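Novice: any chance you can model this:
(2 chains)
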Amino acid sequence: MATVYSVRDVHKHFRKGDQELVALRGANLRVEEGNFLVLLGRSGCGKSTLLNLLAGLAAVTSGEIRYRGDPVTGPQTRVGYLTQQDTVMPWRTVLNNVEMPLEVRGVDKPARTAEAMRLIEQVGLGGFEHHYPRELSGGMRRRVSIARMLCSGPETLLLDEPFGALDAQLRGDLQRQLLDLWAGSGRTVVFVTHDIEEALILADRVVVLGPLGAIMLDLAVDLPRPRDGDEIRIQPGYLHLYRALADAIRQASR
Amino acid sequence: MTADKSLSSSPPSPGPEGPGRGLAAHGPLLLPLEQTWWERHRRMVGIHGARLAVLAALLGIWAALSGNVLDPQFFGSPEGVAKSLIDWSVDGTLWRNSWITIQEVVLGFVLGATSGAILAYLIAAIKPLWEVLIPYMLALYSVPKVAVAPLFIIWFGIGLSMKVLLAAISVFFLVFLSTAAGVQNVDEGLKNAVRMMGGSRRDVALKVTLPASMAGLLTGLRMSIPYALIGAVIGELVASNRGLGFLISDSSAQFNTSGVFAALVVLAVIAGVLNMLVNVFDRWANRWKPLDSGD
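Specialist: Numbering: from 1, shown residues only, chains lettered A, B, ... in the order given. Now for the predicted structure:
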């Protein structure tokens, strides 16, 4: 399988006054095509920093990140990024938010409206296309963000704790929906979370990150698909995987 | 000021959803309400009625006191003010002088607001430039604009342009500072979202910074309306032979207290109309704000 991302010996420092904050020290990672990779770690382990670097929104201090062999120098439209916070434009309606990537690319109005409406239906927001984000619930806004991300037709998705702020039921629904959208699409996904259960529901492969982006564990998740949050816990092997991940996280914080 | 990021922006909890893989949207339900005209407008009618009652009460107290407790020579009287307004509107004094002041206020407001907003967008976006210039801007902002009037008379004479510019610089700083604050508080996440779409700097400026900073601009516009009036009237008080400021100084020179009050009433009416215009613009520009976040 082709390598989508290769991260080699990446350091990332932030300047803060006359001090330097080290977020990543010698991080290494390979992301394979079509893989659902979950980066698991406690907050502060540099996983969001790493995702920002993969997205091209920040530059590495040293080291190298390549996307399909080319160095990452900035954001690219074939990569979609869903952040922890909502970044829908509050002054745009659902429809105008979702079609925004195509608008930026210069696609004409009828074509981008058609594509946006298709995606709005797909994420279950049909009928709400003329509402403003603040008239929607948190879960509905997440769906808008997902639809917008998909609107540019990205081949790789970066998701940074996208369902962290939602209640358990809603998180379960959106996880299922994300898996439905991903299954058979051939897309590569890098998903950041601190939730072991979420990692096991979603991932083909879980990488546990320790302090400064050190890899504590690189684990293949061979649980059968399609997976379901309610049933995964009684799968044979689940407990074993869960314990391995929990141990790795505990070790990381030592 | 309206808070840009209301934390409690999530509408009521989503409704129940069936099991399975249903993709139905969670969210509140919209229902049309059957209301009569009276049910819909009861609150506003009550508020307007109460406002009129307050005005009537104040005028009544004034009328009752003037003549026995308050000397009309010093405190005027509602009848005197009404008489002045009628006399002036009959002989045209009112319209002529109001028109002059309105011109000064509107021209000054437009000039100051446009230059303030444009400069704010240019300077606030470039951080080093902002850091160099901001102490000077704050210092100039703090200078009482009356103190500049003599200088403006030397430069521009005592005509209309002097008052327009006096109104304009009062408006300029308020709009500039308020808009700049709006530009600088734009959520970095929204900008990054447009960058991820492959957006250029221009896309970020037009599709994020401009709309996001609209709230700051509007706050500036709203705050600066009284200052446009103050600038123009100060200019007229310092040196002029027409305008509402002139009417005030002329009436007071003749010890015509009712005339002074009459001119003040007209100024208040002009300010009220300007405020209403900004409110209309405000409602249009902020139509995406929460429908009703009160409960």
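
Novice: wait, is residue B:180 part of a strand?
Specialist: No - looking at residue B:180 with DSSP: H, G, I helix; E, B strand; the rest coil, it is helix, so not inside a strand.

Novice: can you give me the buried ones in stretch A:185-200?
Specialist: A:187-194, A:196-200 (16 or more other C-beta atoms under 10 Å in any protein chain shown). In short, each C-beta sits where N, CA and C put it, glycine included.

Novice: also within reach of chain B: list those from the residues you listed.
Specialist: The subset of the buried residues of stretch A:185-200 within reach of chain B, by C-beta under 8 Å from any C-beta of the partner chain, is empty.

Novice: which one of these is nearest to chain B?
Specialist: residue A:190 (14.0 Å; C-beta to the nearest C-beta).

Novice: the closest one - that's part of a strand, no?
Specialist: Yes - Residue A:190 sits within a strand when classified using three-state DSSP.

Novice: in chain A, what residue spans correspond to strands?
Specialist: Using DSSP state E, the strands found in chain A span residues A:3-16, A:19-32, A:36-40, A:62-67, A:70-71, A:79-82, A:156-160, A:188-193, A:205-209, A:215-220.

Novice: take the buried residues of stretch A:185-200 and write them to JSON lines, including pLDDT.
Specialist: Converted to JSON lines, these look like this (pLDDT from 0 to 100):
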{"residue": "A:187", "pLDDT": "92"}
{"residue": "A:188", "pLDDT": "94"}
{"residue": "A:189", "pLDDT": "95"}
{"residue": "A:190", "pLDDT": "95"}
{"residue": "A:191", "pLDDT": "95"}
{"residue": "A:192", "pLDDT": "94"}
{"residue": "A:193", "pLDDT": "93"}
{"residue": "A:194", "pLDDT": "91"}
{"residue": "A:196", "pLDDT": "92"}
{"residue": "A:197", "pLDDT": "91"}
{"residue": "A:198", "pLDDT": "92"}
{"residue": "A:199", "pLDDT": "93"}
{"residue": "A:200", "pLDDT": "92"}
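
Novice: now distance to residue B:276 too, for those residues, in a markdown table please.
Specialist: Listed next are the buried residues of stretch A:185-200 as a markdown table, based on distance: C-beta to C-beta, whole Å:
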| residue | distance to residue B:276 |
| --- | --- |
| A:187 | 53 |
| A:188 | 56 |
| A:189 | 53 |
| A:190 | 53 |
| A:191 | 52 |
| A:192 | 50 |
| A:193 | 51 |
| A:194 | 52 |
| A:196 | 58 |
| A:197 | 56 |
| A:198 | 52 |
| A:199 | 57 |
| A:200 | 60 |
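
Novice: excluding its backbone neighbours, what's nearest residue A:221?
Specialist: Among residues not flanking residue A:221 along the chain, residue A:203 sits closest, at 4.9 Å (C-beta to C-beta, 6 or more residues apart in numbering or on different chains).

Novice: could you list the low-pLDDT ranges of the stretch 1-150 of chain A?
Specialist: A:1 (pLDDT under 70).

Novice: chain B contacts on that one?
Specialist: A:55, A:57, A:74-77, A:79-81, A:83, A:85, A:87, A:89-92, A:100-101, A:104-105, A:122-128, A:132-140, A:143.

Novice: need the nearest residue in space to residue 227, chain neighbours excluded.
Specialist: You didn't say which chain, so I picked chain A. Using C-beta to C-beta, 6+ apart, the nearest residue to residue A:227 is residue A:201, at 5.4 Å.

Novice: let me rephrase: I mean chain B.
Specialist: For residue B:227, the spatially nearest residue (C-beta to C-beta, 6+ apart) is residue B:170, at 4.0 Å.

Novice: make JSON lines out of the strands of chain A and add distance to residue B:269.
Specialist: Converted to JSON lines, the strands of chain A look like this (distance: least, C-beta to C-beta, whole Å):
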{"stretch": "strand A:3-16", "distance to residue B:269": "55"}
{"stretch": "strand A:19-32", "distance to residue B:269": "58"}
{"stretch": "strand A:36-40", "distance to residue B:269": "64"}
{"stretch": "strand A:62-67", "distance to residue B:269": "64"}
{"stretch": "strand A:70-71", "distance to residue B:269": "66"}
{"stretch": "strand A:79-82", "distance to residue B:269": "53"}
{"stretch": "strand A:156-160", "distance to residue B:269": "55"}
{"stretch": "strand A:188-193", "distance to residue B:269": "59"}
{"stretch": "strand A:205-209", "distance to residue B:269": "66"}
{"stretch": "strand A:215-220", "distance to residue B:269": "72"}
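
Novice: what about the closest residue to chain B within the stretch 101-250 of chain A, neighbour count?
Specialist: Scanning the stretch 101-250 of chain A for the residue nearest chain B gives residue A:124, at 3.4 Å (criterion: C-beta to the nearest C-beta). Residue A:124 has 20 neighbouring residues, counting by other C-beta atoms under 10 Å in any protein chain shown.

Novice: how about the helices in chain A?
Specialist: A:47-55, A:94-98, A:100-105, A:109-122, A:138-151, A:168-182, A:196-202, A:238-252 (DSSP state H).

Novice: dig out what the residue most central in space within chain A forms beta bridges with.
Specialist: The residue lying closest to the centre of chain A (C-alpha atoms, centre = their mean) is residue A:159, at 1.3 Å. Bridge pairing for residue A:159 (DSSP bridges) gives the partners residue A:82, residue A:191.

Novice: hang on, it packs against residue A:187?
Specialist: No - assessed by C-beta atoms under 8 Å, residue A:159 is found out of contact with residue A:187, at 11.2 Å.

Novice: show me what contacts residue 95?
Specialist: If you meant another chain, say so; for now it's chain A. Residue A:95 is in contact with A:113, A:116, A:117, A:120, A:129, A:130, counting by C-beta atoms under 8 Å, 6 or more residues apart in numbering or on different chains.

Novice: can you look at chain B instead?
Specialist: residue B:89.

Novice: check the nearest residue to residue B:117 once chain neighbours are set aside and give its pLDDT.
Specialist: Among residues not flanking residue B:117 along the chain, residue B:179 sits closest, at 5.1 Å (C-beta to C-beta, 6+ apart). Listed pLDDT for residue B:179 reads 93.

Novice: what's the answer for residue B:28, then?
Specialist: 60.

Novice: cool, and residue B:87?
Specialist: Among the per-residue scores, residue B:87 holds a pLDDT of 93.

Novice: go on, residue B:289?
Specialist: Value listed for residue B:289 in the pLDDT field: 65.

Novice: just give me the neighbour total for residue 103.
Specialist: Here I'm looking at chain A. 19.

Novice: correction: the question concerned chain B.
Specialist: Residue B:103 has 15 nearby residues by other C-beta under 10 Å.

Novice: just checking, the residue nearest to residue B:227 touches residue B:231?
Specialist: Yes - at 4.0 Å, residue B:170 and residue B:231 qualify as touching, with contact defined as C-beta under 8 Å.
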